[in-house]
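Engineer: Predicted model and sequence below, questions to follow.
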Amino acid sequence: MSTLTGKTGVIVGIANKRSLAWAIASAAHGQGAELVLTYQNARLKENVEELAATLSPVPRLVPCDVSVDAEIAALAEAVDAAHGGLDFLVHGAAFAPREALDAPFVQTGREAFRIALDVSAYSLVALANATAPLMARRGGGSVLTLTYLGAERVFPNYNVMGVAKAALEASVRYLASDLGPQAIRVNAISAGPVKTLAAAGVSGFSSILQIYRDRAPLRRNIDTSEVADAAVFLLGPAGRGITGEVLMVDAGYHVMGM
Ligand code: NAP
């Protein structure tokens with residue numbers, strides 16, 4: 001039997017085949033999970049539909065813009081109606097307005113700050129709150145989000161996204177404390193840089209990739225399958241004693257002083 005056989009999971013944050021959330025979806029599906037995939041809007045629906053069609057059984061697709069409370073509530077209702085509960089949630093959505101990733105951080109506008117924190121950090125809280133009752137009904141569950149070392153250290157142009165990731169990581173700890181008594185675990189994976197659509201928004205991203213190759217203990221970048229394998233570990237029974245944790249999957253880069 002595979003690790004996630006009999007488990008139902010919701011995966012938020014697939015834009016295309018390079019998305020970390022898609023790698024996690026493929027790996028979770030490979031381990032026997034039944035999936036619900038969300039897409040942000042009609043523009044992305046087709047991409048997610050094409051990817052979903054490569055899995056069997058084909059996962060259910062539900063629209064969910066994570067900045068809209070009604071869409072989060074509708075997602076939870078749709079999952080409840082179709083599956084009568086939920087075992088895990090993967091949160092891979094993040095966004096900051098372009099100008100906030102171009103101008104110096106000190107010039108971040110109030111609205112750009114609000115949007116980045118809303119989409120990239122608050123959405124985890126809202127999704128966890130909406131889906132926790134479904135997980136509690138299954139006797140517990142696992143929530144996983146994706147973060148980056150820019151939460152703790154300064155990376156050029158990462159700017160407000162670093163602040164959003166700091167809020168996201170703190171949210172992981174507070175959610176872990178709130179939901180732990182219901183046997184719901186909440187963790188994050190802090191991934192090394194990977195060239196995805198979101199990453200393309202950070203100018204100078206290629207030089208970040210090169211610095212990791214030069215200095216990380218493993219002297220290479222990571223690939224999405226490594227994040228996905230760690231995700232399956234945290235989502236499944238092997239991770240049962242772990243909550244409130246940020247697991248670094250970055251070829252060891254974070255341990256280096258320089
Ligand atoms: P990605 O493929 O672009 O995924 C980001 C996803 O967030 C996209 O599907 C995006 O949709 C979605 N999103 C943005 N606003 C949304 C909203 N309002 N409602 C619902 N979804 C929304 O990039 P990724 O690199 O895989 O990112 C996944 C997660 O990993 C993010 O949290 C990111 O910060 C994190 N991460 C990435 C790296 C890296 O180097 N790539 C490293 C560490 C952590 P749109 O395309 O429509 O905006």
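Structural biologist: In hand now; what should we look at?

Engineer: Every contact and neighbour count from this point should use C-alpha atoms.
Structural biologist: Fine.

Engineer: So which residues on the stretch 1-150 of the chain come close to the ligand?
Structural biologist: 13-16, 18-21, 40, 64-67, 92-95, 119, 146-148 (Cα under 6 Å from any ligand atom).

Engineer: residues in contact with the closest residue to the ligand within the stretch 151-258 of the chain?
Structural biologist: Closest residue of the stretch 151-258 of the chain to the ligand, Cα to the nearest ligand atom: residue 193 (3.2 Å). Residue 193 makes contact with 199, 208-209, 221-222, 250, according to Cα atoms under 8 Å, 6 or more residues apart in numbering.

Engineer: cutoff 10 Å now
Structural biologist: Residues in contact with residue 193, defined by Cα atoms under 10 Å, 6 or more residues apart in numbering, are 148-149, 199, 205-206, 208-210, 212, 221-224, 249-250.

Engineer: For the stretch 151-258 of the chain, which residues are neighbours of the ligand?
Structural biologist: Taking Cα under 6 Å from any ligand atom as the criterion, the stretch 151-258 of the chain approaches the ligand at residues 190-199.

Engineer: would you list every one of the helices in the stretch 1-150 of the chain?
Structural biologist: 20-30, 42-52, 69-83, 98-102, 110-117, 123-137 (DSSP state H, counting those that start in this stretch).

Engineer: for residue 257, helix, strand, or coil?
Structural biologist: coil (DSSP: H, G, I helix; E, B strand; the rest coil).

Engineer: that older thread, now the buried members of the residues of the stretch 1-150 of the chain next to the ligand.
Structural biologist: 13-16, 19-21, 40, 64-67, 92-95, 119, 146-148 (16 or more other Cα atoms under 10 Å).

Engineer: among the residues you listed, which are in strands?
Structural biologist: 146-147 (DSSP state E).

Engineer: residue nearest the centroid of this protein?
Structural biologist: The C-alpha lying nearest the average C-alpha coordinate of the chain belongs to residue 92 (Cα atoms, centre = their mean; 2.5 Å).

Engineer: That one reaches residue 146, doesn't it?
Structural biologist: Yes. Between residue 92 and residue 146 there is a contact under Cα atoms under 10 Å: 5.7 Å.

Engineer: and residue 1, how many neighbours?
Structural biologist: When neighbours are counted by other Cα atoms under 10 Å, residue 1 registers 7.

Engineer: That one contacts residue 33, correct?
Structural biologist: No. The criterion here is Cα under 10 Å, and residue 1 misses it with residue 33 at 11.2 Å.

Engineer: among the contacts of residue 193, which are in helices?
Structural biologist: 199, 205-206, 208-210, 212, 224 (DSSP state H).

Engineer: Pull out the buried residues from stretch 205-220.
Structural biologist: 205, 208-209, 212-213, 215-216, 220.

Engineer: same question but for stretch 239-249, I mixed them up
Structural biologist: In stretch 239-249, counting by 16+ other Cα under 10 Å, buried: 239, 243-249.

Engineer: No further queries at this time; thank you.
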